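> predicted structure and sequence below. I'll ask about it afterward.
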Amino acid sequence: MALMKQSRLFNPDAIQSILDDWPETFAEAKVIQQRLCEKILLQDQLSSVNYIAGVDAGVLNKGRQIRASVVILNATDATVVEQKSAVVDNVFPYVPGYLSFRELPAVLSAFLQIEQLPQLIMCDGQGIAHPRRFGIACHLGLITGIPSFGVAKSKLVGDYESPSLTRGSHKPLYYQQQKIGAVLCTRDNVKPVFVSPGHLINIDSAVHWTLTMGRGFKLPEPTRVADKLASRR
DNA sequence: GCGACAG
DNA sequence: ATCTTGTCGC
């Protein structure tokens, strides 16, 4: 057989089949969440993390299209080594609890263009801190098979005690008697972010990587850079 | 019915 | 998410 370097991370056909079967109703989407959430693993499966991806999306043309950006950063110094974006027609409205069905079509399109495989993915949004334990970080992690977690600017579900306003301070986030994430202060005197595992990672590691990739801003570099790319006008 | 509600 | 300039504070 031909000896060639794989130029793409995923089998385009596999991704395309997932996009072809993308749900069109909330009822359908809910069934998918209930089925897939059982496959989520919250045990670390992180080998050596050399590259970490930041993912985010923004709207274009008054909401008619979604632009997603995937940024690959060097895990040791948080420098950007690659960045790709994709624009797709908006196929799902924003409704709390169904964010992944709105953003992932664009995110997956952007991921298909990435050359450097990341060992960890940081999403702008929730992981298991979700009504059905299946936020966008879980969905993307399961589809890609890459460890993933979410860093959200605000809460979707759960109860917590406010951590002190000191960088590194954090408190557990609880929902239905279960610990589902952490409320973490990433910068002195700034409101905390909500960190939760997506797939193949535990809460402590998610918190660790959020702090490790921080650069003096509320948001860690991966999602901060992806956000700037996706929301630029 | 009321409050909560990722982006 | 997005509308939007300068301005206050560490």
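Thanks, I have it. None of these values were measured; they are calculated from a predicted model.
> show the backbone phi and psi for the residue nearest in space to the middle of chain A.
Nearest to the geometric centre of chain A sits A:Cys123, at 2.0 Å (CA atoms, centre = their mean). Backbone torsions of A:Cys123, given as degrees, to the nearest 10, read phi -100, psi 150.
> which one is it nearest to, not counting chain neighbours?
A:Ala137 (4.1 Å; CB to CB, 6 or more residues apart in numbering). The C-beta positions use only the backbone N, C-alpha and C, and glycine is treated the same way.
> what sits against the one you found?
Counting by CB atoms under 8 Å, 6 or more residues apart in numbering, A:Ala137 makes contact with A:Ile121, A:Cys123, A:Gly125, A:Gln126, A:Gly127, A:Ser148, A:Phe149, A:Gly150, A:Ser196, A:Pro197, A:Gly198, A:His199.
> which element is it on?
Counting by DSSP states H and E, the element that carries A:Ala137 is helix A:136-144.
> quick check, that helix touching DNA strand B?
Yes - applying CB under 7 Å from any atom of the strand, one finds helix A:136-144 in contact with DNA strand B at A:Ile136.
> do stretch A:152-159 as well
Yes - applying CB under 7 Å from any atom of the strand, one finds stretch A:152-159 touching DNA strand B at A:Ala152, A:Lys153, A:Ser154, A:Lys155, A:Leu156, A:Val157.
> can you tell me the closest non-neighbouring residue to the first one?
What that stands for is A:Ala152. A:Phe194 (4.4 Å).
> and that neighbour, which of the three is it?
strand (DSSP: H, G, I helix; E, B strand; the rest coil).
> any idea how far the helix-or-strand element of chain A with minimal mean pLDDT is from the middle of the chain?
Lowest by mean pLDDT, DSSP states H and E among the helices and strands of chain A is helix A:12-20, with a mean of 86. Put simply, helix A:12-20 sits 19 Å off its chain's centre (CA atoms, centre = their mean, to the nearest Å).
> ok, stretch A:113-127 next?
With CA atoms, centre = their mean as the basis, stretch A:113-127 stands 7 Å off its chain's centre.
> distance from the host helix or strand of A:Ala53 to the middle of the chain?
Assigned by DSSP H and E, A:Ala53 belongs to strand A:51-60. Chain-centre distance of strand A:51-60: 8 Å, with CA atoms, centre = their mean.
> likewise stretch A:130-141?
9 Å.
> now that stretch: buried residues?
Judged by neighbour count (16 or more other CB atoms under 10 Å), stretch A:130-141 contains these buried residues: A:His130, A:Pro131, A:Arg133, A:Phe134, A:Gly135, A:Ile136, A:Ala137, A:Cys138, A:His139, A:Leu140, A:Gly141.
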